[in-house]
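Engineer: Okay, here's the prediction I keep looking at, along with the sequence it came from:
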Amino acid sequence: MPLFEYQCAACGHRFEALVIGDRQPDKCPRCAATTIEKQYSTFGVGGTNGGYGTSSRLGSNCAPGGG
């Protein structure tokens, strides 16, 4: 189930919603307006130590061609 971000065009409230199939939210949870817009979002990849984009589990032996 993907999580999407939306923004209400009426009040500017940004919120997230789980989308199942084609069923998208039909109104803003704050003001109940029906003028909501799907936003582009990014995803984060985090490690167990809170780092992003690297992993402390990979050693120097993991270089391309290094085996």
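Structural biologist: Ah, there it is. No experiment lies behind these values; they were computed from the predicted model shown.
Engineer: Residue 36: neighbour count?
Structural biologist: 21 (other CB atoms under 10 Å). C-betas here are computed from N, CA, C, even on glycine.
Engineer: whoops, residue 25 was the one
Structural biologist: For residue 25, using other CB under 10 Å, the count is 17.
Engineer: check contacts around it.
Structural biologist: 6, 15, 17, 36 (CB atoms under 8 Å, 6 or more residues apart in numbering).
Engineer: So which of these belong to helices?
Structural biologist: Members of these lying in helices (criterion: DSSP state H): none.
Engineer: Who are the contact partners of the closest residue to residue 34 other than its chain neighbours?
Structural biologist: Once flanking residues are discounted, residue 34 sits nearest to residue 27: 5.2 Å by CB to CB, 6 or more residues apart in numbering. By CB under 8 Å, 6+ apart, the residues touching residue 27 are 33-34, 36.
Engineer: for these, which one is nearest residue 22?
Structural biologist: residue 36 (15.1 Å; CB to CB).
Engineer: which residues touch that closest one?
Structural biologist: With CB under 8 Å, 6+ apart, residue 36 has these contacts: 6-9, 25-28.
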